[in-house]
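**Student:** What follows is a predicted protein model with its sequence.
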Amino acid sequence: MEKNILSLLEKEERKLLNVHSCNKNDVLHREGETCEEITIVSEGKIKIVSYSFSGKEIVFNELGKNQIFGNNLLFSSEPNYKGDVVSVDKSIVVTIKKDDLITLLSSNKEFLKEYLKIQSDFGKSLNSRIKLLSIDSALERFEYYLFINKGEVDFKSVTTLASELGLKRETLSRLISKLEKENAIKRSLHHISKIN
């Protein structure tokens, strides 16, 4: 389980935090807005989405408890959100303004180390995502996805999993059926595991 970075803050330092409650489908930020803070998901789930010209939703990222967004934009030369930030369910988020974050990073070594770890892990995750989406073959893309998830994948629906993989739902559905018949994977309602 991810360490809660907020637990590393002292009582006085917590005064720099801003806590917000969000309902399902609340838009926290719009694409193009300037990012002026980092946001930590305390409860619930947040997604970052954009829309194609035809109106199709493209999910860039989904973030759950203890995950952070805005951290890669905040100190960027172009700190604008690349998509809408929307709450998937009822959520609680904690924001830290740029100057307050600098204060916390300067004064709390354990917070700084955890923040840098999160940044590094995000970079690794982003590289894996880029590699995943650069694979042309649906089979190889799915196998790589299983590999980076240690052979175990939980998903809400085939549609959401297809979106995560950048595949058409029908393509993924046929592929899963084929791999099940070949005894390469085992599937339950919302779980797929690789058979060795």
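**Tutor:** Structure received.
**Student:** excluding its backbone neighbours, what's nearest residue 68?
**Tutor:** residue 40 (5.2 Å; C-beta to C-beta, 6 or more residues apart in numbering). The way it works is simple: take the backbone N, C-alpha and C, and place the C-beta from them, glycine included.
**Student:** Which elements pack onto the host helix or strand of that neighbour?
**Tutor:** Using DSSP states H and E, the secondary-structure element containing residue 40 is strand 37-43. Counting contacts by 3 or more C-beta pairs under 8 Å, 6 or more residues apart in numbering; DSSP states H and E, strand 37-43 packs against strand 68-69, strand 91-97, helix 98-107.
**Student:** closest one to residue 133 among these?
**Tutor:** When the helices and strands packed on strand 37-43 are compared by C-beta to C-beta, strand 68-69 sits nearest residue 133, at 19.4 Å.
**Student:** Following that closest one in sequence, what is the next regular element?
**Tutor:** For strand 68-69, the following helix or strand on the C-terminal side (DSSP H and E) is strand 84-87.
**Student:** Pull the residues that contact that following strand.
**Tutor:** 22-31, 39, 44-50, 69, 93 (C-beta atoms under 8 Å, 6 or more residues apart in numbering).
**Student:** at 10 Å what do you get?
**Tutor:** Applying C-beta atoms under 10 Å, 6 or more residues apart in numbering, the external contacts of strand 84-87 come out as 20-33, 35, 39, 41, 44-51, 57, 59-61, 63, 69-70, 93.
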